[in-house]
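J.: sequence first, then the predicted structure, then my questions.
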Amino acid sequence: MNYSRIKSIATYHKCLIDLVEDGYINYKPSFNTLGSFIKIMDDLPD
């Protein structure tokens, strides 16, 4: 979040959800201390 300059966790999650819905990333949230899984998709939607 520091690199993106997003201050609110709600805004961060909204941006992630928007990217998933648009097909840019695959996001699997996790409560594990190792973190969540985010994959940038190679085949972007048209």
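T.: Right, received. Where do you want to start?
J.: and the least confident helix or strand in the chain by mean pLDDT, what does it pack onto?
T.: In the chain, no helix or strand scores lower on mean pLDDT, DSSP states H and E than strand 37-40, which sits at a mean of 80. Counting contacts by 3 or more CB pairs under 8 Å, 6 or more residues apart in numbering; DSSP states H and E, strand 37-40 packs against strand 25-28. Quick note: C-beta positions are derived from backbone N, CA and C, even for glycine.
J.: what's Ile9 sitting at in phi/psi?
T.: Note on Ile9: its backbone torsions stand at phi -70, psi -30 [degrees, to the nearest 10].
J.: host element of Phe31?
T.: Assigned by DSSP states H and E, Phe31 falls within no helix or strand.
J.: so how far is Phe37 from it?
T.: 12 Å (CB to CB, to the nearest Å).
J.: over to Asp18?
T.: Noted for Asp18: a distance of 18 Å to Phe37, by CB to CB.
J.: picking up where we left off before, ok, Phe31 and Phe37, which is more surrounded?
T.: Under the neighbour definition other CB atoms under 10 Å, Phe31 and Phe37 were set side by side, and Phe37 has more, 11 against 6.
J.: good, we can wrap up now.
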